[in-house]
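> can you look at this prediction? I've put the sequence above it.
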Amino acid sequence: MRIPAFFATLFIIAMVIGTGCTGEARPSSGGEVLQEAVTGIDDELTEVRVSMGESARVLGETGLTSTTGKEAVRQAMLNHPYAESTLVVTKDSIVVMAVPDDYAGTVGSDISSHLETGRSIREQVPLVSEVFPLAEGYAGVAQSYPIFGEDGEYLGFASIAYRPDTLIGRVVAPLVDGTPYEIRVIQTDGRVIYDMVPEEIGKNLVADSAQGSPALQETFSRIAAKPSGSLEYSFEEQHVTKRVVWGTAGIDGTEWRIIVIESLDAGGVPAATG
């Protein structure tokens, strides 16, 4: 018996709607959260690079101390409200511009002793630094972009500094809100640069034995050593097991291990939340 076309169409629509609803009700896996986190962080870092590239282009055309160049730097910082400061540095390591004006006192300083200064001048490419202590008393990251004159001569670089936990948090906090997942981000040396518990930021989970048991150090050593993977680890005294999946975000010479953590109950299944 043939089904009238009208009823056949209704049947197909009902099947599509039903399938879609089932998919939407399914919670995201740790792997899906991880992928979104890695993509989002890379996108944010890339947007900073684009902004600094535009600043460098204007500075190269108008001069390292030009008013037009300074406005371009200000605009780059407005594009990224978590930015703390931007310095323009000559190829001789001298700061010739600082934004905002609170940093004007650094103008004229020789910062050749800074590791990232030497690297920027030597490599003359966009770079993302490792975390380093800022004068304000917290850890920061600097993204630099080389400046070339219209004749192609290397003039120096522009460097924007910000707190990595603020940049990362903008991306990952919405991903895990209301889910059973936590996210932690470490450098490849084991230093925590983002954690949902702020007090954990700055600790080194690999090098500092005071931060956990030997088993925990071994776990994070494995994570730091490999770009991606998954594992489980336990806190025997607390009868807690954690399931972990991790990957790597980063551009222009940096690698951040993005770690998605899920607590399991004694039976090895996700612990109840809420």
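Yep, it's here. This is a predicted model, so every value here is computed, not measured.
> what is the rounded mean pLDDT of stretch 242-259?
Here stretch 242-259 scores 95 as its mean pLDDT.
> can you give me the buried ones in it?
Buried residues in stretch 242-259, defined by neighbour count with 16 or more other Cβ atoms under 10 Å: 242-252, 254, 256-259. For the C-beta atoms, the positions are set from N, CA and C on the backbone; glycine is no exception.
> for these, which one is nearest residue 74?
Residue 74 has its nearest neighbour among the buried residues of stretch 242-259 in residue 252, at 22.7 Å by Cβ to Cβ.
> if we can go back for a sec, okay, and which of the buried residues of stretch 242-259 map to strands?
242, 243, 244, 245, 246, 247, 248, 249, 256, 257, 258, 259 (DSSP state E).
> tell me what the fifth one is bridged to.
Okay, so that is residue 246. residue 229, residue 259 (DSSP bridges).
> which ones are touching it?
Residue 246 is in contact with 34, 223, 228, 229, 230, 257, 258, 259, 260, counting by Cβ atoms under 8 Å, 6 or more residues apart in numbering.
> the same query, at a cut-off of 10 Å, please.
30, 34, 38, 183-186, 220, 222-224, 226-231, 257-261 (Cβ atoms under 10 Å, 6 or more residues apart in numbering).
> give me the buried subset of those.
The neighbour count (16+ other Cβ under 10 Å) marks 30, 34, 38, 183-186, 220, 223-224, 257-261 as buried among those.
> which parts of this structure are helices?
5-25, 30-62, 67-79, 115-123, 164-176, 214-225 (DSSP state H).
> can you tell which of those is closest to residue 90?
helix 115-123 (9.0 Å).
> give me the domain ranges for this structure.
41-163, 165-264 (automatic domain parsing).
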